[in-house]
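1. got a sequence here, can you build the structure:
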Amino acid sequence: MVSLNVAVTQFELRPERDLDQFLAHTEDLVRRAAHQNAEVVLFPELASTGLLGSITDHDVTTATIRSDYWDVLPTFTDGIVDGLRSMAKNHNIVVAGGSHNRVHSDGSLRNTAFVVHPDGRVESQDKTHLTPQEHALGTRGGDELLVTRIGPFTAGVLICADIQFPELSRYLVRKGVDLILCPSLTWNRRGVHRVRTGCQARAIENQLYVAMSPLIGHNGLPADAPMHAAGNALVTGPVDRTVGINDGVLAKAESSEEDLVVVSLDHDLLQASRANPEAPGLALQRPDLYAKLLAEAGA
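-> All right, here's what the predicted structure looks like:
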């Protein structure tokens, strides 16, 4: 069996007083993943939001949050990436370190995911589809999708809301992707449902694996309207006779606390699923029909 051991974090949002505390928190989960023989560990969207707790010169409120996201959180991102690089090397594991705020060279605020390899390579991708809250902050969406290799899998990254747009996953499949990593941050049960359903739908329609890591909990900030992050770590795959799991869920965190789930993803089984679809799968697509319908719609 050709497989990949994937660890997915359910990462707690805490007040982090400084970069060292945040990196120690992160490395604790990287170490736990490595001890369970994971070859890649996934963290959530905006995983470093807890570093709002490092602000001591003013109260973090809804009135300051825009400047805090622009002027404070991005100052930690280079240090975070350096820390992730050390963790990947020291624990010999790919660290899909979640996403973090950064200021792009063009002056725009970006929500950027980083995938760090044990050999020191750092790959990144900006979130493409932004929430209304991110637009209000002045964040800009990216225009490129990362395709990388992790063990036997060709992997892509779709950040939270990006998983809800099937056009992106179809593009990734055409690039050979059979594993999607989804760092996520949602703050109500509707958002949790959207992301979870999106992950399962993308796995079913593309006959691939999707791993989703949520941020959970709260750090009491902004003080006048604390954000409460919610969700459960999830790994899902195709729903068919070959894989043999009726709801497609290979692993899910059942706790509402910080957690880590580890699952072995069978690459050979996935290829068998694609080769012999029980339901109309990738092998039974009708691209001629899709092109005709798009033309009729004027797209």
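2. pLDDT below threshold where in this protein?
-> Within the chain, the ranges that satisfy pLDDT under 70 run 299.
3. what segments of it are helices?
-> Counting by DSSP state H, the chain has helices at residues 19-35, 65-71, 77-91, 132-137, 166-174, 189-206, 267-275, 287-296.
4. any chance of the ones you listed in TSV, plus mean neighbour count and distance to Thr112?
-> In this view, the C-beta of every residue, glycine as well, is placed from N, C-alpha and C. TSV is the format used below for these (neighbours: other CB atoms under 10 Å; distance: least, CB to CB, whole Å):
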stretch	mean neighbour count	distance to Thr112
helix 19-35	18	16
helix 65-71	16	13
helix 77-91	19	8
helix 132-137	13	12
helix 166-174	16	16
helix 189-206	19	19
helix 267-275	17	28
helix 287-296	10	31
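5. turn those into CSV, including distance to Cys160.
-> Formatted as CSV, the helices of the chain follow (distance: least, CB to CB, whole Å):
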stretch, distance to Cys160
helix 19-35, 19
helix 65-71, 16
helix 77-91, 18
helix 132-137, 10
helix 166-174, 12
helix 189-206, 6
helix 267-275, 24
helix 287-296, 26
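6. among those, which is nearest Ala113?
-> helix 77-91 (11.1 Å; CB to CB).
7. and the angle from the closest one to helix 19-35?
-> For helix 77-91 against helix 19-35, the angle by axes from the mean of the first three to the mean of the last three CA atoms, to 10 degrees is 30 degrees.
8. hmm, who's touching helix 77-91?
-> 19, 22-23, 26-27, 30-31, 33-34, 48, 93-95, 97, 100-102, 112, 114, 116-120, 122 (CB atoms under 8 Å, 6 or more residues apart in numbering).
9. who does the residue nearest the centre of the chain form a beta bridge with?
-> A centroid search over the chain (CA atoms, centre = their mean) returns Pro183, at 1.7 Å, as the residue closest to the centre. Per DSSP bridges, residues listed as beta-bridge partners of Pro183: Ser213.
10. unless I'm mixing things up, it is touching Glu45, no?
-> Yes - counting by CB atoms under 8 Å, Glu45 is a contact partner of Pro183 at 4.3 Å.
11. what's the overlap in contacts for those two?
-> Counting by CB under 8 Å, 6+ apart, the shared contacts of Pro183 and Glu45 are 98-99, 113, 159-160.
12. want to throw those into JSON lines with neighbour count?
-> As requested, those are exported to JSON lines (neighbours: other CB atoms under 10 Å):
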{"residue": "Gly98", "neighbour count": "28"}
{"residue": "Ser99", "neighbour count": "28"}
{"residue": "Ala113", "neighbour count": "30"}
{"residue": "Ile159", "neighbour count": "27"}
{"residue": "Cys160", "neighbour count": "30"}
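13. kindly reformat the residues you listed as a markdown table containing distance to Ser67.
-> Shown next, in a markdown table, are the shared contacts of Pro183 and Glu45 (distance: CB to CB, whole Å):
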| residue | distance to Ser67 |
| --- | --- |
| Gly98 | 23 |
| Ser99 | 20 |
| Ala113 | 23 |
| Ile159 | 23 |
| Cys160 | 23 |
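14. closest one to Gln133 out of those, please.
-> Set against Gln133, the nearest of the shared contacts of Pro183 and Glu45 by CB to CB is Cys160 (11.6 Å).
15. count of neighbours near Thr61?
-> Counted with other CB atoms under 10 Å, residues neighbouring Thr61 total 13.
16. got phi/psi on it?
-> Here is the backbone geometry of Thr61 (degrees, to the nearest 10): phi -130, psi 180.
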